[in-house]
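In: Turn this into a model:
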Amino acid sequence: MKGDKAGGRDRGGASRPLRLESQRFRLLSIVVGCFVICLVFLLSSRPDAAAAFGTVSVSPKASLVAARRPVAVKTVRASSSADGALGGDFHVDILPQHRQEQSLERTGDKTATEWVRDTVIVEERSGAETSEAETEETEPDRHDSATATAAASNTDDQPAVPGAEKAVQDTAAITGQPAAETTSATAPDGTEKTGAATGGGSGQSKVQEQPARQRPQEERHDEPAQSGGDQQQQQPRPPLCDFSDFRSDICDLAGDVRMDANVSAFVVVVDPATSGSDQEEHKVRPYPRKGDETCMGRITEVTVRATGDAAGAPRCTETHGAPAVVFSIGGYTGNIFHDFSDVLVPLYNTARRYRGDVQLVMANAAPWWLVKYDRLLRALSRHAPLDLARAGAAREVHCFPRAVVSLRAHKELIIERDRSLDGLATPDFTRFLRRALSLPRDAPTRLGDGTGRKPRLLVISRHRTRLLLNLDAVVRAAEEVGFEAVVNESDVANDISQVGGLINSCDAMVGVHGAGLTNMMFLPPGAALVQIVPWGGLQWMARADYGDPAEAMGLKYIQYEIGVAESTLKDKFPSGHKIFTNPTALHKKGFMFIRQTLMDGQDITVDVGRFREVLLQVLNSLAQ
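Out: Coordinates of the predicted model:
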């Protein structure tokens, strides 16, 4: 009996600790359950708190919105280990596609944001950066969504538009990360990827991916823009031709350009949906003497037309990968001044941008002209020139991706840098000449350079009009002051390479106003030009035709204006005639009077004593 009682006490004593442990377990279970419930409630009410636990959470409201709308921005953030390796859990925010959604709800406050459409942003950041970024509140500026998506639409290393950098900043504001530099590439599947590096430590990167076929309308620069719920608005096509220039009318055509040589017409096939009108037609004479009816009457007229009817456009017989530059070799060509001022200088200004990959299309082509300037044409284009008339006779239709009809001409023999599309200037053209013709000298002989060589002076001898009657006396005076004098009679038939080589060997040139002075282009920079101006108030013409170009080429220019006693006009008119007292008043009679009477109607005998001073001035300029 005693043993039974003792055993009962032992069993009763053992049951009491068991009941105590059960009570503790139930209490612990209640505490744990409450903690779990609080945790679930916290995570469901504040999705951004999930980052602290490395879990993925989306609020019921966000899930409902995401279910109804396409995903616009997905931000994936991963906590990194200390060594910067990838690892840890990811926090994902699913953002709706609305352009100006204002839904990023936080406890106690709301932040207005503007979403980037159709963009996936994947970020990797260290744990410290993630925590720091989540504690900062940002207020991104509002701006047009075209700017916000510019970074994703660019396939180069730099933003395509000035707003691209701002777009990265706005995206960073949405994701809670600092703005970064952008880089981009195109994936094999056609997806455009734009990466951004924050410039921090290792393991930091940012990649933006955007399917090209789903780019927002604002990024499609070649398509009509869409505003709100309105239908797409048509972008006006720029006019085919520019008629504002005082020297030439220029047509710049791009796209499907078809040259119907049989009728001297260039047809541009356009999309009727993007063209302001189905038809646009102009008549152009591709030669830069606009307003000169006598000259332009010799130039083949070219028709330029736009059409939306591809089936009705001429069918191509030959397709070129290079653009075309169309010009005429009619007009006043055959005169070296007009060869250069009307054709070669503006042709260089127009065609040089294509670096030789350009098709030269010539109207009014002359075989002798092509032979004379063959080396220059070959230096501008590696393709054989195309004769418009010959192609028309063969009923050919040549097609190009681009065509420029007529030439971009500035002043006489001058390319103005601020007007050139490629920033070219006159010295660029003279450098091109020296290289194309293999002319060796880029600087004149300097007095006292130790070589003992005399500077070389070239005297241009005219043989029809404006003759220098005392040429021999001028040559002797030049030799007396210290020059080696050379006489050359410029002629249209002279080989351009031989002429260029002779003139490039000289350090100074002298000549009466006329086309022969055009040869100054072959002089080395720093050389000198002396222009002898006939009587009759022709200073303005002499300055415009040769004085200003000489200075633009980097030459030292001296203008020698003769007196009445040096002109043969004194033998044709009485001393009191208006041609001597007020010659500029006679200019109102027109250019034909100026040409026949004041230019071709007189010869010159310079005052050697006065001219010697000019020669000394030139010699001294070569000593500097």
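In: any low-confidence regions in the stretch 151-300 of the chain?
Out: Along the stretch 151-300 of the chain, segments meeting pLDDT under 70 span 151-236, 272-278.
In: Please determine how far residue 261 is located from residue 279.
Out: Distance, residue 261 to residue 279, using C-beta to C-beta, to the nearest Å: 21 Å. All C-beta atoms are positioned from the backbone trio N, CA, C, and that covers glycine.
In: which one of those two has more residues nearby?
Out: residue 261 (24 against 11; other C-beta atoms under 10 Å).
In: Show the contacting residues for that one.
Out: Shown in contact with residue 261 (C-beta atoms under 8 Å, 6 or more residues apart in numbering): 388, 389, 391, 392, 394, 395, 396, 397, 398.
In: and those residues, which are buried?
Out: 388, 391, 392, 396, 397, 398 (16 or more other C-beta atoms under 10 Å).
In: Looking at those residues, which two lie furthest apart in space?
Out: Using C-beta to C-beta, the pair of those lying farthest apart is 388 and 397, separated by 12.1 Å.
In: so what sits against both of those two?
Out: Here residue 388 and residue 397 share the contacting residues 259, 261, scored by C-beta under 8 Å, 6+ apart.
In: List of residues touching the top strand by length along the chain?
Out: In the chain, with assignment by DSSP state E, the single longest strand is strand 250-260. With C-beta under 8 Å, 6+ apart as the test, strand 250-260 has contacts from 240-242, 265-270, 282, 284, 304, 310, 313-314, 316, 324, 361, 388, 391, 397-408.
In: cutoff 7 Å now
Out: With C-beta atoms under 7 Å, 6 or more residues apart in numbering as the contact definition, strand 250-260 has outside contacts at 240-242, 266-270, 282, 284, 304, 313-314, 316, 397-406, 408.
In: Just the C-alpha atoms of the next helix or strand after it, please, in CSV.
Out: Once the chain leaves strand 250-260, the next helix or strand it forms, by DSSP states H and E, is strand 265-269. The C-alpha trace of strand 265-269 is given here as CSV (Å, rounded to 0.1, in the frame of the first residue of the first chain):
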residue,chain,number,x,y,z
ALA,A,265,13.3,63.6,-114.9
PHE,A,266,13.9,62.5,-111.3
VAL,A,267,10.9,60.8,-109.7
VAL,A,268,10.8,60.3,-106.0
VAL,A,269,8.3,57.5,-104.9
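In: Can you name the element that comes right after strand 265-269?
Out: That would be, after strand 265-269 and using DSSP H and E, strand 279-284.
In: Show me what that following strand packs onto, helices and strands only.
Out: strand 302-307 (3 or more C-beta pairs under 7 Å, 6 or more residues apart in numbering; DSSP states H and E).
In: Neighbouring strands of the helix or strand following the strand it packs on in the sheet, and parallel or not?
Out: Helices and strands here follow DSSP H and E; after strand 302-307, the next one along the chain is strand 318-319. Strand pairing for strand 318-319, determined by DSSP bridges: strand 397-405 (parallel).
In: Pop the domain breakdown of the protein in here.
Out: With domains defined by the TED database, the chain comprises 241-420, 438-623.
In: Can you say which of those is nearest to residue 426?
Out: Using C-beta to C-beta, the domains of the chain put domain 438-623 closest to residue 426, at 4.0 Å.
In: how long is the closest one from one end to the other?
Out: For domain 438-623, the first-to-last residue distance is 26 Å (C-alpha to C-alpha, to the nearest Å).
In: pLDDT averaged over that domain - what is it?
Out: For domain 438-623, mean pLDDT is 94.
In: related to what we said a few turns ago, which of the contacts of strand 250-260 are buried?
Out: 240-241, 266-270, 282, 284, 304, 313-314, 316, 397-400, 402-406, 408.
In: List the residues that contact the residue nearest to residue 424 when sequence neighbours are not counted.
Out: Once flanking residues are discounted, residue 424 sits nearest to residue 415: 5.2 Å by C-beta to C-beta, 6 or more residues apart in numbering. Counting by C-beta under 7 Å, 6+ apart, residue 415 touches 345, 349, 424, 425, 426, 428, 429.
In: Surely residue 465 is within a strand?
Out: No. Counting by DSSP: H, G, I helix; E, B strand; the rest coil, one finds residue 465 to be coil, located in no strand.
In: Let me see the backbone angles for it.
Out: Torsion angles at residue 465 (phi, psi; degrees, to the nearest 10) stand at phi -130, psi 160.
In: Could you give the number of residues near the nearest residue to it once chain neighbours are set aside?
Out: Spatial nearest neighbour of residue 465, chain neighbours left out: residue 600 (4.2 Å); criterion: C-beta to C-beta, 6+ apart. Neighbourhood size, residue 600 [other C-beta under 10 Å]: 14.
In: same thing with residue 513?
Out: Using other C-beta under 10 Å, the number of residues around residue 513 comes to 22.
In: and the gap between it and residue 451?
Out: 33 Å.
In: swap in residue 571?
Out: In terms of C-beta to C-beta, residue 571 sits 46 Å off from residue 451.
In: bridging residues for residue 529?
Out: residue 509, residue 557.
In: Am I right that it is in contact with residue 553?
Out: No. Applying C-beta atoms under 7 Å, one finds residue 529 not in contact with residue 553, separated by 8.8 Å.
In: any shared contact partners between the two?
Out: residue 520.
In: okay, these two: which has more neighbours?
Out: The neighbour comparison of residue 529 against residue 553 (other C-beta under 10 Å) goes to residue 529, with 25 against 22.
In: Excluding chain neighbours, what is closest to residue 390?
Out: residue 365 (7.7 Å).
In: where does that neighbour land on pLDDT?
Out: pLDDT, read off for residue 365, is 94.
In: which residues sit in contact with it?
Out: Contacts of residue 365 (C-beta under 7 Å, 6+ apart): 329, 387, 389.
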